[in-house]
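Q: here is my input; please provide its structure:
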Amino acid sequence: ATTTTDTNTNTNTNNTPSTTPSKTTYKTALCIAANKVDTIVLPYYTQFQDQLTASLSTKHRTLTPTQLISVMGSSDSVGYITEPSALYCSLLVHVVSHWSSDTTLHDDDRLPTTVCGLFSTILDDLEGRYGVCLVRTALSCVTFAVRGVSDFEMEDLLSMVDGVLLEINSNTLNVISSSNSNSNTDTKPISKSKSKSKAKANTNSPDKHKPKPIKPVKRVPRSSWNCLLSSLSDSNLLTQSRNGCYKWCNSQLQTAAESRYHTEKHATHKMLATYFGNLVGYTKQHSAYVRQQPSTFNSKHTWECDAHLNTRRFEECGIHMVACNMYESALEELCSLSQLCGALKCGVTTSMGVLHSLRELNRKMANRALGELKTIRVQHYTLWLTGMIPLISSGKNPVDSIVAFGTAQPVVSVVHSDCRQLVLDYRNNSGVGGVGNSGSNMNKLHQPQSLFQSLLQPLDTDTDTNMVTATPTGLDPLSTHSSTHTHTHTNTP
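A: Here you go, the predicted structure:
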(Lines give C-alpha, C1' and ligand atoms only; values in the text may rest on other atoms or scores of the structure.)
Protein backbone atom coordinates (compact mmCIF):
# COMPACT_ATOMS: atom_id res chain seq x y z
CA ALA A 1 0.00 0.00 0.00
CA THR A 2 1.26 3.43 -0.92
CA THR A 3 1.13 5.93 1.93
CA THR A 4 0.62 9.65 1.53
CA THR A 5 2.88 10.78 4.36
CA ASP A 6 5.10 13.72 3.70
CA THR A 7 8.55 12.68 2.60
CA ASN A 8 10.21 16.00 3.42
CA THR A 9 12.91 15.90 6.09
CA ASN A 10 11.78 17.24 9.46
CA THR A 11 14.03 19.93 10.89
CA ASN A 12 12.46 20.26 14.35
CA THR A 13 14.92 20.27 17.22
CA ASN A 14 12.88 17.86 19.32
CA ASN A 15 12.79 15.28 16.46
CA THR A 16 8.97 15.13 16.69
CA PRO A 17 7.44 14.11 13.35
CA SER A 18 5.25 16.68 11.72
CA THR A 19 1.49 16.00 11.80
CA THR A 20 0.60 18.52 9.09
CA PRO A 21 -0.36 16.73 5.87
CA SER A 22 1.26 17.76 2.63
CA LYS A 23 -1.26 19.12 0.09
CA THR A 24 0.91 18.06 -2.83
CA THR A 25 1.23 14.53 -1.51
CA TYR A 26 -2.53 14.32 -0.88
CA LYS A 27 -3.37 15.51 -4.40
CA THR A 28 -0.91 12.98 -5.80
CA ALA A 29 -2.61 10.23 -3.81
CA LEU A 30 -6.00 11.20 -5.22
CA CYS A 31 -4.61 11.13 -8.76
CA ILE A 32 -3.14 7.71 -8.19
CA ALA A 33 -6.42 6.49 -6.74
CA ALA A 34 -8.26 7.72 -9.83
CA ASN A 35 -6.04 5.46 -11.96
CA LYS A 36 -7.33 2.37 -10.13
CA VAL A 37 -4.13 1.74 -8.15
CA ASP A 38 -4.58 -0.52 -5.14
CA THR A 39 -5.07 0.76 -1.61
CA ILE A 40 -4.00 4.39 -1.14
CA VAL A 41 -3.91 5.17 2.58
CA LEU A 42 -5.29 8.55 3.69
CA PRO A 43 -4.12 8.67 7.30
CA TYR A 44 -5.68 11.98 8.27
CA TYR A 45 -9.24 12.42 9.51
CA THR A 46 -9.77 15.80 7.87
CA GLN A 47 -8.47 14.62 4.52
CA PHE A 48 -10.78 11.62 4.48
CA GLN A 49 -13.74 13.75 5.53
CA ASP A 50 -13.01 16.33 2.84
CA GLN A 51 -12.71 13.63 0.19
CA LEU A 52 -15.99 12.02 1.30
CA THR A 53 -17.80 15.35 1.26
CA ALA A 54 -16.39 16.30 -2.16
CA SER A 55 -17.35 12.95 -3.67
CA LEU A 56 -20.88 13.21 -2.33
CA SER A 57 -21.24 16.77 -3.65
CA THR A 58 -20.60 15.54 -7.19
CA LYS A 59 -23.76 13.44 -6.79
CA HIS A 60 -25.60 16.38 -5.16
CA ARG A 61 -25.72 14.57 -1.85
CA THR A 62 -24.54 15.41 1.65
CA LEU A 63 -24.53 13.90 5.12
CA THR A 64 -26.05 15.35 8.26
CA PRO A 65 -23.66 15.94 11.18
CA THR A 66 -25.17 12.97 13.01
CA GLN A 67 -24.71 10.67 10.01
CA LEU A 68 -21.14 11.89 9.52
CA ILE A 69 -20.23 11.10 13.12
CA SER A 70 -21.91 7.69 12.96
CA VAL A 71 -19.92 6.86 9.81
CA MET A 72 -16.51 8.26 10.71
CA GLY A 73 -16.47 8.53 14.48
CA SER A 74 -14.88 11.36 16.41
CA SER A 75 -12.41 13.83 14.92
CA ASP A 76 -9.69 12.92 17.41
CA SER A 77 -8.63 10.03 15.18
CA VAL A 78 -9.81 8.17 12.12
CA GLY A 79 -12.49 6.72 14.38
CA TYR A 80 -14.50 3.74 13.27
CA ILE A 81 -12.76 3.33 9.90
CA THR A 82 -9.79 0.98 10.09
CA GLU A 83 -8.87 1.26 6.38
CA PRO A 84 -9.17 4.96 5.48
CA SER A 85 -8.15 4.43 1.86
CA ALA A 86 -9.35 5.93 -1.39
CA LEU A 87 -10.96 2.61 -2.32
CA TYR A 88 -12.89 2.51 0.96
CA CYS A 89 -13.98 6.11 0.37
CA SER A 90 -15.29 5.21 -3.09
CA LEU A 91 -17.30 2.28 -1.72
CA LEU A 92 -18.57 4.37 1.17
CA VAL A 93 -19.83 7.06 -1.21
CA HIS A 94 -21.82 4.43 -3.10
CA VAL A 95 -23.49 3.23 0.12
CA VAL A 96 -24.32 6.55 1.78
CA SER A 97 -25.48 8.22 -1.46
CA HIS A 98 -28.67 6.12 -1.20
CA TRP A 99 -29.48 7.36 2.30
CA SER A 100 -32.22 9.81 3.15
CA SER A 101 -31.97 12.66 5.63
CA ASP A 102 -33.67 10.65 8.38
CA THR A 103 -31.46 7.56 8.02
CA THR A 104 -29.79 6.72 11.31
CA LEU A 105 -27.30 4.03 12.21
CA HIS A 106 -27.41 2.10 15.46
CA ASP A 107 -24.56 0.25 17.07
CA ASP A 108 -25.81 -3.09 15.73
CA ASP A 109 -26.12 -2.03 12.07
CA ARG A 110 -22.98 0.08 11.81
CA LEU A 111 -21.16 -0.04 8.47
CA PRO A 112 -18.13 -2.33 8.15
CA THR A 113 -14.81 -0.62 8.73
CA THR A 114 -12.79 -2.52 6.09
CA VAL A 115 -12.85 -2.67 2.31
CA CYS A 116 -13.78 -6.36 2.22
CA GLY A 117 -16.60 -5.87 4.71
CA LEU A 118 -18.07 -2.89 2.87
CA PHE A 119 -17.68 -4.72 -0.45
CA SER A 120 -19.67 -7.66 0.94
CA THR A 121 -22.38 -5.27 2.14
CA ILE A 122 -22.76 -3.85 -1.38
CA LEU A 123 -22.98 -7.32 -2.92
CA ASP A 124 -25.57 -8.40 -0.33
CA ASP A 125 -27.70 -5.43 -1.33
CA LEU A 126 -27.38 -6.35 -5.02
CA GLU A 127 -28.42 -9.94 -4.30
CA GLY A 128 -31.51 -8.68 -2.50
CA ARG A 129 -32.50 -6.46 -5.42
CA TYR A 130 -31.74 -8.65 -8.45
CA GLY A 131 -31.77 -12.19 -7.07
CA VAL A 132 -29.19 -14.29 -5.27
CA CYS A 133 -28.65 -16.86 -8.04
CA LEU A 134 -28.36 -14.24 -10.78
CA VAL A 135 -25.87 -12.05 -8.95
CA ARG A 136 -23.70 -14.88 -7.61
CA THR A 137 -23.54 -16.62 -11.00
CA ALA A 138 -22.70 -13.44 -12.89
CA LEU A 139 -20.06 -12.18 -10.46
CA SER A 140 -18.44 -15.59 -10.05
CA CYS A 141 -17.99 -15.69 -13.84
CA VAL A 142 -16.39 -12.23 -13.73
CA THR A 143 -14.16 -13.34 -10.85
CA PHE A 144 -12.81 -16.61 -12.25
CA ALA A 145 -12.65 -15.77 -15.96
CA VAL A 146 -9.11 -15.24 -17.26
CA ARG A 147 -9.79 -12.09 -19.29
CA GLY A 148 -13.22 -11.22 -17.94
CA VAL A 149 -16.64 -11.68 -19.54
CA SER A 150 -18.33 -9.59 -22.23
CA ASP A 151 -22.03 -8.68 -22.43
CA PHE A 152 -22.99 -11.37 -24.95
CA GLU A 153 -20.95 -14.01 -23.15
CA MET A 154 -22.64 -13.14 -19.85
CA GLU A 155 -26.09 -13.55 -21.38
CA ASP A 156 -25.12 -16.97 -22.73
CA LEU A 157 -23.57 -18.09 -19.44
CA LEU A 158 -26.55 -16.99 -17.36
CA SER A 159 -28.94 -18.70 -19.78
CA MET A 160 -27.10 -22.00 -19.24
CA VAL A 161 -28.03 -22.06 -15.52
CA ASP A 162 -31.52 -23.37 -14.81
CA GLY A 163 -31.58 -21.74 -11.38
CA VAL A 164 -31.17 -18.27 -12.90
CA LEU A 165 -34.03 -18.86 -15.38
CA LEU A 166 -36.27 -20.18 -12.61
CA GLU A 167 -35.48 -17.14 -10.46
CA ILE A 168 -36.29 -14.71 -13.29
CA ASN A 169 -39.57 -16.50 -14.07
CA SER A 170 -40.65 -16.51 -10.42
CA ASN A 171 -39.83 -12.81 -10.05
CA THR A 172 -41.84 -12.04 -13.18
CA LEU A 173 -44.86 -13.92 -11.84
CA ASN A 174 -44.61 -12.12 -8.50
CA VAL A 175 -44.54 -8.73 -10.19
CA ILE A 176 -47.55 -9.57 -12.36
CA SER A 177 -49.56 -10.99 -9.47
CA SER A 178 -48.84 -7.94 -7.31
CA SER A 179 -49.88 -5.58 -10.14
CA ASN A 180 -53.13 -7.53 -10.66
CA SER A 181 -53.95 -7.38 -6.96
CA ASN A 182 -53.33 -3.64 -6.92
CA SER A 183 -55.58 -3.12 -9.95
CA ASN A 184 -58.36 -5.13 -8.29
CA THR A 185 -58.23 -3.10 -5.08
CA ASP A 186 -58.19 0.21 -6.96
CA THR A 187 -61.34 -0.47 -9.05
CA LYS A 188 -64.37 1.75 -8.45
CA PRO A 189 -67.73 0.30 -7.29
CA ILE A 190 -70.00 -0.69 -10.16
CA SER A 191 -73.77 -0.18 -10.20
CA LYS A 192 -76.11 -3.18 -10.14
CA SER A 193 -77.33 -2.70 -13.71
CA LYS A 194 -73.80 -2.55 -15.09
CA SER A 195 -72.71 -5.52 -13.03
CA LYS A 196 -75.62 -7.61 -14.37
CA SER A 197 -74.78 -6.72 -17.96
CA LYS A 198 -71.12 -7.57 -17.40
CA ALA A 199 -72.06 -10.86 -15.80
CA LYS A 200 -74.15 -11.78 -18.83
CA ALA A 201 -71.27 -10.86 -21.14
CA ASN A 202 -68.88 -12.99 -19.11
CA THR A 203 -71.22 -15.98 -19.24
CA ASN A 204 -71.51 -15.66 -23.00
CA SER A 205 -67.72 -15.47 -23.56
CA PRO A 206 -65.93 -17.02 -20.57
CA ASP A 207 -62.51 -17.21 -22.22
CA LYS A 208 -62.50 -13.65 -23.46
CA HIS A 209 -61.41 -11.97 -20.24
CA LYS A 210 -59.10 -14.68 -18.93
CA PRO A 211 -55.47 -13.55 -18.53
CA LYS A 212 -53.15 -15.01 -21.08
CA PRO A 213 -50.71 -17.60 -19.72
CA ILE A 214 -47.18 -16.32 -19.31
CA LYS A 215 -44.56 -18.30 -21.15
CA PRO A 216 -41.45 -18.93 -19.09
CA VAL A 217 -38.31 -17.39 -20.47
CA LYS A 218 -35.70 -19.78 -21.82
CA ARG A 219 -32.98 -17.15 -22.21
CA VAL A 220 -31.99 -14.46 -19.74
CA PRO A 221 -33.22 -11.05 -20.91
CA ARG A 222 -30.56 -8.49 -21.65
CA SER A 223 -32.16 -6.09 -19.18
CA SER A 224 -31.41 -8.44 -16.26
CA TRP A 225 -27.64 -8.19 -16.80
CA ASN A 226 -27.78 -4.50 -17.81
CA CYS A 227 -29.50 -3.51 -14.55
CA LEU A 228 -26.89 -5.36 -12.50
CA LEU A 229 -24.08 -3.93 -14.62
CA SER A 230 -25.43 -0.41 -14.15
CA SER A 231 -25.38 -0.78 -10.38
CA LEU A 232 -21.84 -2.16 -10.47
CA SER A 233 -20.67 0.64 -12.76
CA ASP A 234 -22.17 3.33 -10.52
CA SER A 235 -20.08 2.06 -7.62
CA ASN A 236 -16.93 1.82 -9.80
CA LEU A 237 -16.53 -1.88 -9.06
CA LEU A 238 -16.07 -3.15 -12.63
CA THR A 239 -13.89 -1.92 -15.45
CA GLN A 240 -14.18 -2.74 -19.15
CA SER A 241 -11.05 -3.71 -21.05
CA ARG A 242 -10.29 -3.10 -24.71
CA ASN A 243 -11.81 -6.41 -25.78
CA GLY A 244 -15.12 -5.46 -24.17
CA CYS A 245 -14.80 -7.80 -21.18
CA TYR A 246 -15.56 -6.76 -17.62
CA LYS A 247 -13.20 -7.38 -14.71
CA TRP A 248 -12.90 -6.10 -11.16
CA CYS A 249 -11.25 -2.70 -11.24
CA ASN A 250 -8.97 -3.44 -8.30
CA SER A 251 -6.86 -6.39 -7.24
CA GLN A 252 -8.15 -6.03 -3.68
CA LEU A 253 -11.72 -6.41 -4.94
CA GLN A 254 -10.61 -9.42 -7.01
CA THR A 255 -9.21 -11.08 -3.88
CA ALA A 256 -12.33 -10.27 -1.88
CA ALA A 257 -14.56 -11.69 -4.65
CA GLU A 258 -12.50 -14.90 -4.84
CA SER A 259 -12.92 -15.34 -1.09
CA ARG A 260 -16.65 -14.69 -1.29
CA TYR A 261 -17.38 -17.03 -4.21
CA HIS A 262 -14.91 -19.81 -3.40
CA THR A 263 -17.77 -22.30 -3.01
CA GLU A 264 -18.84 -21.70 -6.64
CA LYS A 265 -15.30 -21.90 -8.02
CA HIS A 266 -15.38 -25.46 -9.37
CA ALA A 267 -18.87 -25.10 -10.84
CA THR A 268 -17.91 -21.80 -12.49
CA HIS A 269 -14.76 -23.29 -14.05
CA LYS A 270 -16.83 -26.18 -15.40
CA MET A 271 -19.44 -23.84 -16.86
CA LEU A 272 -16.81 -21.64 -18.51
CA ALA A 273 -14.99 -24.71 -19.87
CA THR A 274 -18.22 -26.09 -21.30
CA TYR A 275 -19.13 -22.77 -22.91
CA PHE A 276 -15.76 -21.77 -24.38
CA GLY A 277 -14.96 -25.37 -25.31
CA ASN A 278 -18.12 -25.49 -27.45
CA LEU A 279 -19.44 -28.43 -25.41
CA VAL A 280 -22.93 -27.08 -24.67
CA GLY A 281 -25.65 -29.67 -25.23
CA TYR A 282 -27.85 -29.51 -28.31
CA THR A 283 -31.07 -28.96 -26.34
CA LYS A 284 -29.73 -26.13 -24.22
CA GLN A 285 -27.92 -24.54 -27.15
CA HIS A 286 -31.08 -24.29 -29.27
CA SER A 287 -33.61 -23.60 -26.53
CA ALA A 288 -31.58 -20.82 -24.90
CA TYR A 289 -29.95 -19.65 -28.16
CA VAL A 290 -26.46 -20.08 -26.72
CA ARG A 291 -23.79 -19.00 -29.18
CA GLN A 292 -21.26 -21.52 -30.40
CA GLN A 293 -17.55 -21.09 -29.70
CA PRO A 294 -15.68 -22.69 -32.61
CA SER A 295 -11.94 -22.30 -33.13
CA THR A 296 -12.58 -20.10 -36.20
CA PHE A 297 -15.65 -18.07 -37.09
CA ASN A 298 -15.39 -18.30 -40.88
CA SER A 299 -15.24 -22.12 -41.20
CA LYS A 300 -11.55 -21.94 -42.03
CA HIS A 301 -8.83 -24.04 -40.51
CA THR A 302 -6.47 -22.50 -37.96
CA TRP A 303 -3.54 -23.10 -40.34
CA GLU A 304 -5.00 -20.83 -43.02
CA CYS A 305 -3.87 -17.24 -43.33
CA ASP A 306 -7.41 -15.84 -43.73
CA ALA A 307 -8.83 -17.73 -40.72
CA HIS A 308 -10.87 -15.56 -38.34
CA LEU A 309 -9.63 -16.96 -35.04
CA ASN A 310 -11.80 -17.11 -31.94
CA THR A 311 -9.35 -15.52 -29.54
CA ARG A 312 -11.68 -15.87 -26.58
CA ARG A 313 -11.69 -19.67 -26.87
CA PHE A 314 -7.90 -19.88 -26.86
CA GLU A 315 -7.71 -17.50 -23.88
CA GLU A 316 -10.28 -19.18 -21.65
CA CYS A 317 -10.93 -22.78 -22.64
CA GLY A 318 -7.78 -24.67 -21.65
CA ILE A 319 -7.24 -23.21 -18.20
CA HIS A 320 -10.86 -23.82 -17.15
CA MET A 321 -10.78 -27.42 -18.38
CA VAL A 322 -7.70 -28.09 -16.29
CA ALA A 323 -9.13 -26.28 -13.26
CA CYS A 324 -12.32 -28.38 -13.21
CA ASN A 325 -10.46 -31.67 -13.94
CA MET A 326 -11.88 -32.22 -17.45
CA TYR A 327 -8.75 -34.13 -18.46
CA GLU A 328 -10.02 -35.77 -21.65
CA SER A 329 -11.31 -32.49 -23.06
CA ALA A 330 -8.15 -30.70 -21.97
CA LEU A 331 -6.02 -33.26 -23.83
CA GLU A 332 -7.96 -32.66 -27.04
CA GLU A 333 -7.75 -28.89 -26.62
CA LEU A 334 -4.14 -28.46 -25.47
CA CYS A 335 -2.35 -31.39 -27.11
CA SER A 336 -3.43 -30.65 -30.66
CA LEU A 337 -1.25 -28.98 -33.29
CA SER A 338 -4.18 -27.23 -34.94
CA GLN A 339 -5.45 -25.77 -31.65
CA LEU A 340 -1.97 -24.72 -30.56
CA CYS A 341 -1.43 -23.12 -33.95
CA GLY A 342 -4.46 -20.91 -33.31
CA ALA A 343 -3.22 -20.02 -29.84
CA LEU A 344 0.26 -19.14 -31.11
CA LYS A 345 -1.21 -16.98 -33.88
CA CYS A 346 -3.24 -15.07 -31.27
CA GLY A 347 -0.06 -13.77 -29.63
CA VAL A 348 2.49 -14.37 -26.94
CA THR A 349 0.12 -13.56 -24.06
CA THR A 350 -2.37 -16.20 -25.16
CA SER A 351 0.47 -18.67 -25.80
CA MET A 352 1.80 -18.17 -22.28
CA GLY A 353 -1.68 -18.88 -20.91
CA VAL A 354 -1.84 -22.12 -22.89
CA LEU A 355 1.64 -23.07 -21.68
CA HIS A 356 0.58 -22.45 -18.08
CA SER A 357 -2.46 -24.70 -18.65
CA LEU A 358 -0.25 -27.44 -20.09
CA ARG A 359 2.12 -27.29 -17.13
CA GLU A 360 -0.79 -27.45 -14.70
CA LEU A 361 -2.29 -30.38 -16.61
CA ASN A 362 1.09 -32.13 -16.54
CA ARG A 363 1.31 -31.64 -12.79
CA LYS A 364 -2.20 -32.97 -12.15
CA MET A 365 -1.87 -35.98 -14.44
CA ALA A 366 1.43 -36.94 -12.84
CA ASN A 367 -0.38 -37.35 -9.51
CA ARG A 368 -3.18 -39.47 -11.00
CA ALA A 369 -3.16 -42.80 -12.82
CA LEU A 370 -4.72 -41.64 -16.10
CA GLY A 371 -2.67 -43.76 -18.47
CA GLU A 372 1.00 -43.66 -19.39
CA LEU A 373 0.42 -42.65 -23.02
CA LYS A 374 -1.70 -39.66 -22.06
CA THR A 375 0.81 -38.53 -19.47
CA ILE A 376 3.70 -38.81 -21.93
CA ARG A 377 1.73 -36.87 -24.53
CA VAL A 378 1.21 -33.98 -22.13
CA GLN A 379 4.89 -34.00 -21.13
CA HIS A 380 6.09 -33.91 -24.74
CA TYR A 381 3.75 -31.08 -25.72
CA THR A 382 4.76 -29.10 -22.64
CA LEU A 383 8.46 -29.35 -23.53
CA TRP A 384 7.80 -28.52 -27.16
CA LEU A 385 5.64 -25.45 -26.44
CA THR A 386 8.22 -24.19 -23.94
CA GLY A 387 10.72 -23.97 -26.79
CA MET A 388 8.14 -22.51 -29.18
CA ILE A 389 7.38 -19.40 -27.13
CA PRO A 390 10.78 -17.71 -27.80
CA LEU A 391 10.36 -18.35 -31.54
CA ILE A 392 6.95 -16.68 -31.60
CA SER A 393 8.24 -13.82 -29.44
CA SER A 394 10.98 -13.15 -31.97
CA GLY A 395 8.42 -12.74 -34.76
CA LYS A 396 8.68 -16.14 -36.43
CA ASN A 397 5.80 -17.42 -38.52
CA PRO A 398 3.77 -19.80 -36.28
CA VAL A 399 2.94 -22.21 -39.13
CA ASP A 400 6.54 -22.64 -40.25
CA SER A 401 7.87 -22.70 -36.69
CA ILE A 402 5.43 -25.38 -35.53
CA VAL A 403 6.37 -27.85 -38.24
CA ALA A 404 10.08 -27.03 -38.31
CA PHE A 405 10.50 -27.20 -34.55
CA GLY A 406 8.17 -30.20 -34.30
CA THR A 407 9.98 -32.33 -36.86
CA ALA A 408 13.25 -31.37 -35.19
CA GLN A 409 12.17 -33.15 -32.02
CA PRO A 410 13.51 -36.68 -31.34
CA VAL A 411 11.76 -39.53 -33.11
CA VAL A 412 10.28 -40.83 -29.87
CA SER A 413 8.53 -37.50 -29.31
CA VAL A 414 4.77 -37.47 -29.77
CA VAL A 415 5.03 -34.00 -31.30
CA HIS A 416 7.45 -35.32 -33.92
CA SER A 417 5.01 -38.05 -34.98
CA ASP A 418 2.10 -35.59 -35.04
CA CYS A 419 4.04 -33.20 -37.27
CA ARG A 420 5.00 -36.04 -39.62
CA GLN A 421 1.35 -37.07 -39.81
CA LEU A 422 0.39 -33.46 -40.52
CA VAL A 423 2.79 -33.31 -43.49
CA LEU A 424 1.54 -36.66 -44.73
CA ASP A 425 -2.10 -35.53 -44.50
CA TYR A 426 -1.29 -32.39 -46.43
CA ARG A 427 0.41 -34.39 -49.17
CA ASN A 428 -2.53 -36.78 -49.39
CA ASN A 429 -4.95 -33.87 -49.51
CA SER A 430 -3.05 -31.92 -52.17
CA GLY A 431 -2.10 -34.95 -54.26
CA VAL A 432 1.62 -34.26 -54.07
CA GLY A 433 3.79 -37.19 -55.09
CA GLY A 434 0.90 -39.09 -56.69
CA VAL A 435 -0.72 -39.91 -53.35
CA GLY A 436 -4.49 -39.78 -53.34
CA ASN A 437 -6.64 -38.16 -50.72
CA SER A 438 -8.40 -41.29 -49.57
CA GLY A 439 -8.20 -41.93 -45.84
CA SER A 440 -6.86 -38.46 -45.15
CA ASN A 441 -7.85 -36.72 -41.94
CA MET A 442 -7.73 -33.35 -43.71
CA ASN A 443 -10.03 -34.01 -46.66
CA LYS A 444 -12.30 -31.16 -45.59
CA LEU A 445 -9.41 -28.74 -45.17
CA HIS A 446 -9.59 -26.03 -47.84
CA GLN A 447 -6.33 -24.13 -47.97
CA PRO A 448 -4.15 -22.48 -50.61
CA GLN A 449 -1.44 -24.57 -52.15
CA SER A 450 1.21 -22.12 -50.99
CA LEU A 451 0.32 -22.39 -47.31
CA PHE A 452 2.21 -25.60 -46.53
CA GLN A 453 4.90 -25.31 -49.19
CA SER A 454 7.47 -25.12 -46.41
CA LEU A 455 6.39 -28.58 -45.33
CA LEU A 456 7.24 -30.03 -48.71
CA GLN A 457 10.66 -28.43 -48.78
CA PRO A 458 13.70 -29.63 -46.83
CA LEU A 459 14.27 -28.04 -43.44
CA ASP A 460 17.72 -26.46 -43.44
CA THR A 461 19.80 -26.39 -40.32
CA ASP A 462 20.57 -22.71 -40.86
CA THR A 463 16.89 -21.76 -41.06
CA ASP A 464 16.86 -20.77 -37.43
CA THR A 465 19.85 -20.69 -35.14
CA ASN A 466 17.62 -20.97 -32.07
CA MET A 467 16.19 -24.26 -33.31
CA VAL A 468 17.64 -27.39 -31.76
CA THR A 469 18.41 -30.49 -33.82
CA ALA A 470 16.91 -29.25 -37.06
CA THR A 471 16.49 -31.61 -39.99
CA PRO A 472 19.63 -31.59 -42.20
CA THR A 473 19.69 -29.99 -45.61
CA GLY A 474 18.40 -32.07 -48.48
CA LEU A 475 16.34 -34.45 -46.35
CA ASP A 476 12.59 -34.76 -46.39
CA PRO A 477 10.78 -33.98 -43.10
CA LEU A 478 9.16 -37.41 -43.30
CA SER A 479 12.49 -39.19 -43.62
CA THR A 480 14.06 -40.60 -40.47
CA HIS A 481 17.38 -41.60 -42.09
CA SER A 482 20.31 -39.26 -42.35
CA SER A 483 24.00 -39.67 -42.96
CA THR A 484 24.92 -36.73 -40.76
CA HIS A 485 22.20 -36.84 -38.13
CA THR A 486 20.35 -39.82 -36.74
CA HIS A 487 17.88 -39.90 -33.86
CA THR A 488 19.23 -42.31 -31.30
CA HIS A 489 17.13 -41.10 -28.38
CA THR A 490 15.45 -43.83 -26.43
CA ASN A 491 14.22 -41.83 -23.49
CA THR A 492 11.50 -39.23 -23.46
CA PRO A 493 12.76 -35.77 -24.46
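Q: any low-confidence regions in this structure?
A: 1-45, 73-80, 107-108, 173-214, 369-370, 429-493 (pLDDT under 70).
Q: can you give me the strands for it?
A: 2-3, 40-41, 238-240, 246-248 (DSSP state E).
Q: nearest residue to residue 393 other than its sequence neighbours?
A: Of all residues not flanking residue 393 in the chain, residue 348 sits nearest, at 5.3 Å (Cβ to Cβ, 6 or more residues apart in numbering). Every residue, glycine included, has its C-beta placed from N, CA and C.
Q: ok, the one you found touching residue 394?
A: No. Between residue 348 and residue 394 no contact is recorded; they are 10.1 Å apart, counting by Cβ atoms under 8 Å.
Q: tell me, how many residues neighbour the residue nearest to residue 393?
A: As a burial measure, residue 348 scores 12 neighbours (other Cβ atoms under 10 Å).
Q: quick one: contacts for it?
A: Residue 348 is in contact with 389, 392-393, counting by Cβ atoms under 8 Å, 6 or more residues apart in numbering.
Q: neighbour-wise, which one of those leads?
A: Neighbour max across these (other Cβ under 10 Å) = residue 392, 20 neighbours.
Q: enumerate every residue touching residue 265.
A: Residues near residue 265 by Cβ under 8 Å, 6+ apart: 140, 144, 258.
Q: filter the residues you listed down to the ones in helices?
A: Secondary-structure check on the contacts of residue 265 using DSSP state H: residues within helices are 140, 144, 258.
Q: for residue 378, which residues are in contact?
A: 331, 334-335, 358, 361-362, 365.
Q: from residue 142, how far off is it?
A: Using Cβ to Cβ, to the nearest Å, residue 378 is found at 30 Å from residue 142.
Q: sorry, back to before: got the contacts of residue 265 as CSV, with distance to residue 311 and neighbour count columns?
A: Putting those into CSV (distance: Cβ to Cβ, whole Å; neighbours: other Cβ atoms under 10 Å) gives the following:
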residue, distance to residue 311, neighbour count
140, 23, 24
144, 19, 23
258, 25, 14
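Q: for residue 105, state which of those is nearest.
A: Using Cβ to Cβ, residue 258 comes nearest to residue 105 of the contacts of residue 265, at 29.4 Å.
Q: please name the nearest non-neighbouring residue to that closest one.
A: residue 143 (5.8 Å).
Q: tally of neighbours for the one you found?
A: Using other Cβ under 10 Å, residue 143 has 24 neighbouring residues.
Q: wait, what's in contact with it?
A: For residue 143, the contact set (Cβ under 8 Å, 6+ apart) comprises 248, 254, 257-258, 261, 268.
Q: ranking by neighbours, what's the top pick from the residues you listed?
A: Each of these was scored for neighbours by other Cβ under 10 Å, and residue 268 scores highest at 24 neighbours.
Q: so who does that one touch?
A: Counting by Cβ under 8 Å, 6+ apart, residue 268 has contacts 137, 140-141, 143-144, 261.
Q: looking at the residues you listed, spot the one nearest residue 59.
A: Nearest to residue 59 among the contacts of residue 268 is residue 143, at 27.5 Å by Cβ to Cβ.
Q: for the closest one, give its distance to residue 259.
A: Computed with Cβ to Cβ, the distance linking residue 143 and residue 259 is 10 Å.
Q: could you do residue 219 as well?
A: Counting by Cβ to Cβ, the gap from residue 219 to residue 259 is 31 Å.
Q: more neighbours, these two?
A: Neighbour count, other Cβ under 10 Å: between residue 219 and residue 259, residue 219 has more, with 16 against 11.
Q: thought the more buried one was touching residue 288?
A: Yes. With contact defined as Cβ under 8 Å, residue 219 counts as touching residue 288 (4.7 Å).
Q: mutual contacts of the two, please.
A: Common neighbours of residue 219 and residue 288 (Cβ under 8 Å, 6+ apart) are 159, 165.
Q: and the contacts of residue 378, which is closest to residue 412?
A: Ranked by distance to residue 412 (Cβ to Cβ), the contacts of residue 378 are led by residue 335 at 16.0 Å.
Q: and the gap between the closest one and residue 344?
A: Noted for residue 335: a distance of 14 Å to residue 344, by Cβ to Cβ.
Q: of the two, which one has the most company?
A: Looking at residue 335 and residue 344 with other Cβ under 10 Å, you find the greater number of neighbours at residue 344, namely 25 against 22.
Q: just to revisit the earlier point, which of the contacts of residue 378 fall in helices?
A: The helices, defined by DSSP H, take in 331, 334, 358, 361-362, 365 from the contacts of residue 378.
Q: can you put those in JSON lines and add distance to residue 103?
A: JSON lines is the format used below for these (distance: Cβ to Cβ, whole Å):
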{"residue": "331", "distance to residue 103": "57"}
{"residue": "334", "distance to residue 103": "54"}
{"residue": "358", "distance to residue 103": "54"}
{"residue": "361", "distance to residue 103": "53"}
{"residue": "362", "distance to residue 103": "56"}
{"residue": "365", "distance to residue 103": "57"}
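Q: of those residues, which is the nearest to residue 316?
A: Residue 316 lies nearest to residue 334 out of the ones in helices among the contacts of residue 378, by Cβ to Cβ, at 12.8 Å.
Q: who's in contact with the closest one?
A: Counting by Cβ under 8 Å, 6+ apart, residue 334 makes contact with 318, 321-322, 340, 354, 357-358, 361, 378, 381.
Q: so how far is residue 414 from the closest residue to residue 381 other than its chain neighbours?
A: Distances taken as Cβ to Cβ, 6+ apart place residue 335 nearest to residue 381, at 4.7 Å, with adjacent residues excluded. Here residue 335 is placed at a distance of 8 Å from residue 414 (Cβ to Cβ).
Q: go on, residue 305?
A: Separation of residue 305 from residue 414 (Cβ to Cβ) stands at 27 Å.
Q: who has more neighbours out of these two?
A: Using other Cβ under 10 Å as the criterion, residue 305 and residue 414 rank with residue 414 on top: 20 against 12.
Q: wait, that one sits on residue 381?
A: Yes. Contact criterion Cβ under 8 Å: residue 414 and residue 381 qualify, at 7.0 Å.
Q: okay, and the common contacts of those two?
A: Residues touching both residue 414 and residue 381 (Cβ under 8 Å, 6+ apart): residue 335.
Q: contacts only, for residue 63.
A: Per Cβ under 8 Å, 6+ apart, neighbours of residue 63: 52-53, 56, 71, 96, 99.
Q: the same query, at a cut-off of 10 Å, please.
A: Residue 63 makes contact with 49, 52-53, 56, 69-72, 96-97, 99, 101, 103 under the criterion Cβ atoms under 10 Å, 6 or more residues apart in numbering.
Q: neighbour-wise, which one of those residues leads?
A: In terms of neighbour count, residue 52 stands highest of the contacts of residue 63 at 23 neighbours, by other Cβ under 10 Å.
Q: so what's that one closest to, chain neighbours aside?
A: Closest residue to residue 52 apart from its sequence neighbours, by Cβ to Cβ, 6+ apart: residue 89 at 5.8 Å.
Q: re earlier: with respect to residue 405, which of the contacts of residue 268 is nearest?
A: The closest of those to residue 405 turns out to be residue 144 (Cβ to Cβ; 33.1 Å).
Q: quick revisit: quick check, nearest of the contacts of residue 268 to residue 237?
A: The closest of those, once distances to residue 237 are taken by Cβ to Cβ, is residue 143, at 11.5 Å.
Q: phi and psi next, for residue 306.
A: Torsion angles at residue 306 (phi, psi; degrees, to the nearest 10) stand at phi -100, psi 20.
Q: ok, the closest residue to it other than its chain neighbours to residue 310 distance?
A: Closest residue to residue 306 apart from its sequence neighbours, by Cβ to Cβ, 6+ apart: residue 300 at 6.2 Å. Per Cβ to Cβ, residue 300 is found 11 Å from residue 310.
Q: understood, closing this out.
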